[in-house]
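In: Have a look; sequence and predicted model below, questions after that.
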Amino acid sequence: MCRFMVRPDGGMVDTRDLKSLGHCGRAGSSPASGTKGCKDVLVEAHPYFFAFVETKHNCLRCVSRNILKKNNNRVFFMNISKTIWTVCIIGIFCPFVLAQETAVQEEPSGPWKVGGNASFTFNQISFKNWAAGGKNSVSGTFLNKITANYKSESATWDNTLDLGYGLMKYSSEDYQKSEDKIFLQSIYGYDAAKQKLFYSASFDFKTQFAKGYKYGADTVLVSKGFAPAYLNLSLGMLYKPADWFSFYLSPLTARFTIVSDCDRVIMGDPNAPESNTTLGTYYGLDRGDNVRSEYGASAKLKIDKKGIVKNVDFYLRADLFSNLTDHPEHIDVDAETGLNLNVNDWLTAVVKVNLLFDDDIKYVESYTDENGDVQSRKRGARVQCKELFGFGLQFKWGK
């Protein structure tokens, strides 16, 4: 309770003085005997103040309590007003915020994820008046990998198109092919167990763009478009616990080796056609056949991990095939692994290694006989290896 009260003329009245003159109780209370009541004291203090008090309450304590009550009510209603305004503001803006968050959360990304990574690596070395000697050289390689993957609650479908082409040139020699690849793979799976194991069907196709030559004593054409080409069709089970890892196993696989210009003689004596090596026989086909079919089992392992460590992407693909109808112990292997060392969004270093082993492709070597003629002879199958390292530009797009 306030100690002082303000009079209408601006003066102050000490409430203790008022209390000392008599008892001020609630409205309707009686003053103590021999003392003046609140009304008498207020009249003596100031007649105008008495009129004010008379209209409000019958005693000074009641007036004071009424003022405090009004102040408390005012604070209460001010707090209520603030709360109401806060609720109103939240109520106005919250739906927009929630709607935006809901839109972000519920924005359908779609079942398809399409993306790609294209890179161009370039190498050059040049000599001029260099005492230690050397050959000028220049090379460039273009790589482009495109993926289109589908995933729903009951199915998965992964598609990959891997393209590559490169040329190199030494001094005044002609350009030579350093990279040439067309690889298309598609695996469809229907959910069999908790979206990790799928009943699957697989298709993959591999060939090259341009003519390829074997350089030695004689330059020999050994490949060109659809010579050879490999087509694999299979049914099996796919294990895919994560988007970046998959393992496929098929007991039912058909493999077709296609050579478009199968009768082209690439080695041997034209006058002895039975001993010649043609483009078809070079890749294991019977003489005069354009297609060789094999049936057996296959397995495929694929790892495509982005950011395996900071700024490094890792890729591994390994395809195995066994011809169950003819020497099943001879397993054909096509394995490729690589690293993309990303300097930034536009610069990259590429490291790739490709290993091949096909029991049907026999190693053919050239030699010079006693008469000085160049001859050829077949050796056993050997592991084929190709390495690529380059630094250049890259462009990534999609998911």
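Out: Looks like it came in fine. Source: prediction; values computed, not measured. Residues are numbered from 1 along each chain as shown.
In: Look at the residue lying closest to Thr325 once chain neighbours are set aside and say how many residues are nearby.
Out: Nearest residue to Thr325, sequence neighbours excluded (Cβ to Cβ, 6 or more residues apart in numbering): Tyr295, at 5.7 Å. Yep, even glycine has a C-beta here, placed from its N, CA and C like the rest. Around Tyr295 there are 12 other residues, counting by other Cβ atoms under 10 Å.
In: next one: Phe120
Out: For Phe120, using other Cβ under 10 Å, the count is 17.
In: quick one: it and Ser172, what's the gap?
Out: Between Phe120 and Ser172 the computed distance is 25 Å (Cβ to Cβ, to the nearest Å).
In: hmm, back to that, the residue nearest to Thr325 against Pro328, yeah?
Out: No. In this structure Tyr295 lies outside contact range of Pro328 using Cβ atoms under 8 Å: 10.7 Å.
In: where along this structure do the helices fall?
Out: With DSSP state H as the criterion, the chain has helices at 15-21, 38-45, 47-56, 60-106, 279-282.
In: same question for the second one, mean pLDDT?
Out: So that's helix 38-45. Average pLDDT, helix 38-45: 45.
In: Next: the fourth one.
Out: Per-residue confidence for helix 60-106 averages out to 46 on the pLDDT scale.
In: same deal with the first one?
Out: What helix 15-21 shows for mean pLDDT is 48.
In: Can we start the residue count at 7 from this point?
Out: Sure thing, new numbering starts at 7, so read that last one as helix 21-27.
In: Domain map for this structure?
Out: 7-113, 118-404 (automatic domain parsing).
In: of all these, which has the lowest average per-residue confidence?
Out: domain 7-113 (a mean of 46).
In: Who are the contact partners of Phe155?
Out: No, residue 155 isn't Phe; it's Asn. Trp118, Lys119, Val120, Thr162, Trp163, Asp164, Asn165, Asp249 (Cβ atoms under 8 Å, 6 or more residues apart in numbering).
In: Any idea how many residues pack against the third one?
Out: Neighbourhood size, Val120 [other Cβ under 10 Å]: 14.
In: tell me the phi and psi of Ser160?
Out: Backbone torsions of Ser160, given as degrees, to the nearest 10, read phi -120, psi 0.
In: Would you check how far apart the residue nearest to it when sequence neighbours are not counted and Ala233 are?
Out: Sequence neighbours aside, Asp197 is the residue nearest to Ser160 in space, at 4.7 Å (criterion: Cβ to Cβ, 6+ apart). Here the criterion is Cβ to Cβ. By it, Asp197 lies 40 Å from Ala233.
In: Those two: which is more packed in?
Out: It is Ala233, of Asp197 and Ala233, that has more neighbours when counted by other Cβ under 10 Å, with 23 against 15.
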